[in-house]
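S.K.: Quick one: sequence and predicted model below, then my questions.
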Amino acid sequence: MNMHIEHLVERNPRVSGHELLDGFRPSERFGEVSFDTYRPDPSQPSQAEAVEKLKAFAAGVGGGQASGNGFFSKLFGGGGGQKGSPAQGIYLDGGFGVGKTHLLASLWHAVPGPKAFGTFVEYTNLVGALTFRHTVEALKDYKLVCIDEFELDDPGDTVLMSRLMRELADAGVKLAATSNTLPGSLGEGRFAAQDFQREIQVLSSQFDVVRIDGEDYRHRGLPEAPQPLADDAALEAAAEQAFSGRTVAIDDFDALVVHLSRVHPSRYRALIDGLDAIVWRGVRTIDQQAVALRFVVLADRLYDKDLPILSTGVPFDQVFTEEMMAGGYQKKYYRAVSRLTALAREGGEAA
């Protein structure tokens with residue numbers, strides 16, 4: 001083969017706290033986005049409205065109050081915010097694929113630093129790697145902290161992030177977050193802004209909630225994801241054609257999911273550093289929750305770096321069990337399937 005072949009199972013990256021913090025920025029996929037590059041759907045006026053609200057919020061970043069006059073101190077004993085005062089936080093509520101991450105990254109690019117951008121899971125992993133107190137100390141002087149895909153399916157992590165946001169906001173840090181609402185649950189009973197506010201004890205008058213409607217752009221007018229290749233010989237031929245001259249990680253799927261248990265999720269970004277594509281042999285349905293949740297984190301990092309995937313085995317809409325897709329972590333699994341499908345489509349087109 002003309003590819004440079006690596007194996008994820010042979011990588012065990014070591015990442016310092018400083019390196020972890022340096023990674024809290026939009027991924028390559030959103031490295032140069034802006035409000036101007038966002039394309040609102042004309043049939044969904046809430047998308048254009050969200051852009052204007054975020055521009056207004058961005059204009060207020062950098063002038064936060066010192067500790068004692070922060071967002072949560074007002075809420076928990078400071079007498080409440082004054083009517084008409086700018087919100088300390090903004091929350092984008094909407095389904096998958098409506099461009100919330102694009103808009104959140106655009107906000108990050110539009111304001112001065114120091115600032116941080118990461119997913120909910122990346123922040124919980126940061127706390128796990130640095131401890132809670134060191135995480136607060138590292139972020140308390142930032143002007144803006146962006147939290148993508150705020151999740152409500154793990155009570156412990158939600159309480160942890162609530163406390164982190166409270167301490168950062170009291171230090172004057174502006175906060176911005178997005179939801180990961182299920183596409184099929186946009187009506188009654190979905191995880192919505194009210195659930196989010198209740199979980200972190202935030203009043204709507206202080207936390208500006210912006211609803212973004214629309215369909216998943218990853219499937220808007222696009223063909224279905226390609227089926228996995230038939231066998232290893234076809235996989236090898238397709239990979240050589242698609243990724244000649246590039247650095248590709250080729251792994252057996254079973255060995256990979258075992259290896260993920262040995263690498264802290266905070267290091268998954270470093271695990272795939274320097275790669276141009278992914279090739280997996282024998283993708284199968286994952287039937288253990290802990291394994292599935294680690295795989296979701298890897299799927300997010302692969303999507304961040306826009307790494308095309310070629311594979312054999314089951315298609316990615318079968319990588320999680322039906323019980324998982326209907327269970328308490330279904331939001332994570334739906335997101336992962338959506339993103340893996342997009343990457344498999346890129347791999348199929350390249351081949």
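M.R.: All right, it came through fine. Numbering: from 1, shown residues only.
S.K.: drop to CA atoms for contacts and neighbour counts, all remaining ones
M.R.: Noted.
S.K.: which helix is the longest one in the chain?
M.R.: With DSSP state H setting the assignment, residue counts place helix 330-350 as the longest helix in the chain.
S.K.: Dump that one to CSV, keeping only the CA atoms.
M.R.: What follows is helix 330-350, C-alpha atoms only, in CSV (Å, rounded to 0.1, in the frame of the first residue of the first chain):
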residue,chain,number,x,y,z
GLN,A,330,-30.3,7.7,23.6
LYS,A,331,-29.3,11.3,22.9
LYS,A,332,-25.6,10.3,22.9
TYR,A,333,-26.2,7.3,20.7
TYR,A,334,-28.4,9.2,18.1
ARG,A,335,-25.7,11.9,17.9
ALA,A,336,-23.0,9.3,17.4
VAL,A,337,-24.9,7.4,14.7
SER,A,338,-25.6,10.7,12.9
ARG,A,339,-21.9,11.7,12.9
LEU,A,340,-20.5,8.2,12.1
THR,A,341,-23.0,8.0,9.2
ALA,A,342,-21.6,11.4,7.9
LEU,A,343,-18.0,10.2,8.1
ALA,A,344,-18.8,6.8,6.5
ARG,A,345,-20.5,8.7,3.6
GLU,A,346,-17.3,10.7,3.2
GLY,A,347,-15.2,7.6,3.2
GLY,A,348,-17.5,5.9,0.7
GLU,A,349,-17.4,8.9,-1.6
ALA,A,350,-13.6,9.0,-1.4
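S.K.: Now do the buried residues in it.
M.R.: Neighbour counts using 16 or more other Cα atoms under 10 Å place 330-348 of helix 330-350 among the buried residues.
S.K.: helices or strands up against that helix?
M.R.: Contact here means 3 or more Cα pairs under 8 Å, 6 or more residues apart in numbering; DSSP states H and E; on that basis helix 330-350 packs against helix 289-304, strand 309-313, helix 322-325.
S.K.: Comparing these, which comes out most buried?
M.R.: A comparison of the helices and strands packed on helix 330-350 by mean neighbour count, using mean count of other Cα atoms under 10 Å, puts strand 309-313 on top with a mean of 25.
S.K.: Are we agreed that residue 117 is in a helix?
M.R.: No - with DSSP: H, G, I helix; E, B strand; the rest coil as the criterion, residue 117 is located in strand rather than a helix.
S.K.: Based on its surroundings, how many neighbours for it?
M.R.: Other residues lying near residue 117 total 26 when counted by other Cα atoms under 10 Å.
S.K.: where does the stretch 51-200 of the chain dip in pLDDT?
M.R.: For the stretch 51-200 of the chain, the stretches flagged by pLDDT under 70 are 63-87, 152-155, 180-200.
S.K.: Let me see the ranges of the strands in it.
M.R.: Here the stretch 51-200 of the chain has its strands, by DSSP state E, counting those that start in this stretch, at 89-94, 115-119, 144-150, 174-179.
S.K.: quick one on the thing from earlier: let me have the helices and strands packed on helix 330-350 in CSV, extended by distance to residue 158.
M.R.: Conversion of these to CSV gives the following (distance: least, Cα to Cα, whole Å):
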stretch, distance to residue 158
helix 289-304, 16
strand 309-313, 32
helix 322-325, 20
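S.K.: Send me stretch 20-35 as PDB with only the CA atoms.
M.R.: The C-alpha coordinates for stretch 20-35 follow below in PDB (Å, rounded to 0.1, in the frame of the first residue of the first chain):
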ATOM      1  CA  LEU A  20      -5.600  19.500  27.600                       C
ATOM      2  CA  LEU A  21      -6.500  23.200  28.100                       C
ATOM      3  CA  ASP A  22      -4.900  24.100  24.800                       C
ATOM      4  CA  GLY A  23      -7.300  21.700  23.200                       C
ATOM      5  CA  PHE A  24     -10.400  23.600  24.400                       C
ATOM      6  CA  ARG A  25     -11.000  25.300  21.100                       C
ATOM      7  CA  PRO A  26     -13.300  24.600  18.100                       C
ATOM      8  CA  SER A  27     -12.100  21.600  16.100                       C
ATOM      9  CA  GLU A  28     -10.700  21.700  12.600                       C
ATOM     10  CA  ARG A  29     -14.300  21.300  11.300                       C
ATOM     11  CA  PHE A  30     -15.300  24.600  12.900                       C
ATOM     12  CA  GLY A  31     -11.800  26.200  12.900                       C
ATOM     13  CA  GLU A  32     -12.700  29.100  10.600                       C
ATOM     14  CA  VAL A  33     -16.500  29.400  10.900                       C
ATOM     15  CA  SER A  34     -18.300  32.700  11.600                       C
ATOM     16  CA  PHE A  35     -21.800  34.100  11.800                       C
END
